[in-house]
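Asks: got a structure for you, letters missing:
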């Protein structure tokens, strides 16, 4: 928090301010010892092991925490969304707020919908703040951001609103955002850093444009840049250090980025290639070190009977003069040349490169193991590895309904698609540039005169349950906002349970969204327009239920491609490291599998095919 001038601070200046923060708040001696010498994702993992476990005070208990953690010297609530002076307890959440200054409630600064209202995040006082109810409602679950032309709620009751809502003007993101007041931007940045640390093993499953869908860097590129900017410009204040101490008494954990603001530089900033020591000065790399890069291994995914695609891993050392032995446990294996695979390999004392993958397994299941390197008396930290073996889902609806006759948004009817029979209302089979179909057609949902929300739902059960549901979605044309509610039924459509409401992007082209469910038995899904004018849905795929844990996530960065540019041919290309690619027919039959180094061209009959590599899949139509 900053009281006045909102100035740019360099990383070096920020480090100098650390001593001030430490004078205001002191963690117990040795509290952060296990994080020293680490950086990037490994540092986040270590911080989770330190601050992740805490006492959950409960959602009602947060009201009591606020009475100590968020009060000004005059005893009133310290509201970061307005200039109000609320009385603790008396003015809390006593009904619908009609204007700014009516009452205050509990703001999830990281919106609870991002993590599906799950505990303990739901009640974690470090990211919950007492804020003006009306401004809280304006913020909704939009990401934090910067919006130069945003809208601020009108003043009322002698109280001014703080913060504004509007289209992002921060580079690389154009969605709707809520911009906090300048004096509190650093507070919220450090709150977000805390959430990435305390829940590092969970954050990859949370959903927001502000998040990257992984454990490191955890935040999308534009968000990292913006949060680091706020962190540097608005240094730790006494308000934050006092709050840190109060919550520590209640939850028995701390916000590391208030105790040690320089930590952010070693994770996302200018010092992320160095190891951290408190204070951030001197030679911060341990005298003897063995480390892995990447520090966090991506989740592996494979189909029964085939190994996963491999991941390249580098071992780095400092002051090590013995051979480094790398071992892996669980259903995983190592190789120096991609030909010979074992549970143990050796590299030079100066380090080296090897490959890691999940072994072939005939059984659908989830697997875990650890990776560690040892040289004499020195060892690296253990790195956790996870993977999933699951059959490719045989359910795939592409909405290429050439015989479908559009009859207006007010029609309710049914249609036999390519995967199952569907019931629908308030839909249109779209094929315009504004619809952005993946191939020729996609579904457009909106409201009709007699139908409040356009919907499409399965009229037949999918057998073998559901592991992960994936689909492509987006807003129509220039429509700026929209969301879709996804529900499922396990009783033949008699009742529906909401799985998730997903905010759709307004950027050009449809974007892929995935929901991890892992529900056994017969199942159906329903897609319903939840907000916005018109939204588009295309290419719905569902993997089968896995007998343990959860289905694997969709991969992010792709280094391979699959396409059909010539009749009767499917071409596979790889940029960079070779990777294993498997091709399935639409009925789930495997038709090809190979290690592709540059380009491979296959002769295939006309039809729809799914190409998979690791966690990534692509639909290809061969004509």
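Replies: It's in. Small disclaimer: the values here were computed from a predicted structure and weren't measured. Numbering: from 1, shown residues only.

Asks: Got the confidence number for residue 546?
Replies: Here the pLDDT value assigned to residue 546 is 62.

Asks: same deal with residue 615?
Replies: 57.

Asks: element containing residue 513?
Replies: Taking DSSP states H and E as the criterion, residue 513 maps to strand 511-519.

Asks: And for residue 225?
Replies: Per DSSP H and E: helix 221-233 holds residue 225.

Asks: What are the buried residues along that helix?
Replies: For helix 221-233, the buried set under the neighbour-count rule, 16 or more other CB atoms under 10 Å, comprises 222-224, 226-233. C-betas here are computed from N, CA, C, even on glycine.

Asks: Also stretch 436-443?
Replies: Buried residues in stretch 436-443, defined by neighbour count with 16+ other CB under 10 Å: 436-438, 441-443.

Asks: now those residues as CSV including distance to residue 562?
Replies: Below are the buried residues of stretch 436-443 laid out as CSV (distance: CB to CB, whole Å):
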residue, distance to residue 562
436, 20
437, 19
438, 14
441, 21
442, 20
443, 24
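
Asks: Need the phi and psi values for the spatially most central residue of the chain.
Replies: Among the residues of the chain, the one closest to the centroid is residue 213, at 2.7 Å (CA atoms, centre = their mean). For residue 213, the backbone dihedrals (degrees, to the nearest 10) come out as phi 80, psi 20.

Asks: Next one: it from residue 570, what distance?
Replies: Residue 213 sits 28 Å away from residue 570, going by CB to CB, to the nearest Å.

Asks: Over to residue 485?
Replies: Distance of residue 485 to residue 570, computed by CB to CB: 36 Å.

Asks: repeat for residue 67
Replies: 64 Å.

Asks: out of these two, which sits in the busier spot?
Replies: residue 570 (23 against 15; other CB atoms under 10 Å).

Asks: Please name the residues that touch residue 206.
Replies: 114-115 (CB atoms under 8 Å, 6 or more residues apart in numbering).

Asks: same thing but 10 Å
Replies: 110-111, 113-116, 118, 121, 195, 199, 212-213, 218 (CB atoms under 10 Å, 6 or more residues apart in numbering).

Asks: Now restrict these to buried residues only.
Replies: Counted by 16+ other CB under 10 Å, the contacts of residue 206 give 110-111, 113-115, 121, 195, 199, 212-213, 218 as buried.

Asks: Mind putting the residues you listed into CSV with secondary structure and pLDDT?
Replies: Shown next, in CSV, are the buried ones among the contacts of residue 206 (DSSP: H, G, I helix; E, B strand; the rest coil; pLDDT from 0 to 100):
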residue, secondary structure, pLDDT
110, coil, 97
111, coil, 96
113, helix, 93
114, helix, 95
115, helix, 95
121, helix, 96
195, helix, 97
199, coil, 96
212, coil, 94
213, coil, 93
218, coil, 96
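
Asks: okay, those residues in CSV with distance to residue 32 next?
Replies: Shown next, in CSV, are these (distance: CB to CB, whole Å):
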residue, distance to residue 32
110, 23
111, 29
113, 32
114, 27
115, 25
121, 22
195, 18
199, 18
212, 25
213, 28
218, 19
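
Asks: Let me know the closest of those residues to residue 455.
Replies: For the buried ones among the contacts of residue 206, the minimum distance to residue 455 (CB to CB) is 20.4 Å, reached by residue 113.

Asks: Please list all residues in contact with that closest one.
Replies: Each residue near residue 113 by CB under 10 Å, 6+ apart is listed here: 140-141, 206-208, 500-503.

Asks: Among these, the buried ones, what's the ChimeraX command?
Replies: Restricted to buried positions by 16+ other CB under 10 Å, the ChimeraX selection for the contacts of residue 113 reads:
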select :206,207,208,500,501,502,503
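
Asks: so can I have a markdown table of the contacts of residue 113 showing distance to residue 523?
Replies: Listed next are these as a markdown table, based on distance: CB to CB, whole Å:
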| residue | distance to residue 523 |
| --- | --- |
| 140 | 30 |
| 141 | 27 |
| 206 | 24 |
| 207 | 21 |
| 208 | 26 |
| 500 | 15 |
| 501 | 19 |
| 502 | 18 |
| 503 | 24 |
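
Asks: export the contacts of residue 113 to a markdown table and tack on secondary structure and distance to residue 84?
Replies: Output for these, formatted as a markdown table (DSSP: H, G, I helix; E, B strand; the rest coil; distance: CB to CB, whole Å):
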| residue | secondary structure | distance to residue 84 |
| --- | --- | --- |
| 140 | coil | 20 |
| 141 | coil | 22 |
| 206 | coil | 30 |
| 207 | coil | 32 |
| 208 | coil | 28 |
| 500 | strand | 34 |
| 501 | strand | 30 |
| 502 | strand | 34 |
| 503 | strand | 29 |
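
Asks: Tell me the predicted confidence for residue 504.
Replies: Per the predicted model, pLDDT is 88 at residue 504.

Asks: Check which helices and strands the one helix or strand residue 388 maps to is in contact with.
Replies: Using DSSP H and E, residue 388 maps to strand 383-389. Contact here means 3 or more CB pairs under 10 Å, 6 or more residues apart in numbering; DSSP states H and E; on that basis strand 383-389 packs against helix 40-51, strand 300-302, strand 332-335, strand 351-358, strand 365-375.

Asks: what ranges do the strands span in the stretch 201-350 of the chain?
Replies: Applying DSSP state E, counting those that start in this stretch to the stretch 201-350 of the chain gives strands spanning 289-293, 300-302, 311-318, 324-328, 332-335, 344-347.

Asks: Of all the ones you listed, which one is nearest residue 419?
Replies: The nearest among these, by CB to CB, is strand 300-302 at 21.9 Å.

Asks: what packs against the closest one?
Replies: Applying 3+ CB pairs under 10 Å, 6+ apart, we find strand 300-302 packed against strand 351-358, strand 383-389, strand 607-613.

Asks: Quick check: which of those is nearest to residue 376?
Replies: It is, among the helices and strands packed on strand 300-302 and with distance given as CB to CB, strand 351-358, at 14.8 Å.

Asks: Need the three-state assignment for residue 584.
Replies: Assigned state for residue 584: strand (three-state reduction, DSSP: H, G, I helix; E, B strand; the rest coil).

Asks: Bridge partners for the closest residue to it other than its chain neighbours, pull those for me.
Replies: Nearest residue to residue 584 in three dimensions, chain neighbours excluded: residue 610, at 4.6 Å (CB to CB, 6 or more residues apart in numbering). Listed beta-bridge partners, residue 610: residue 584, residue 619 (assigned using DSSP bridges).

Asks: This structure: helices as residue ranges?
Replies: Taking DSSP state H, the helices of the chain run over residues 11-16, 18-24, 40-51, 61-69, 133-139, 185-198, 221-233, 238-251, 256-259, 263-267.
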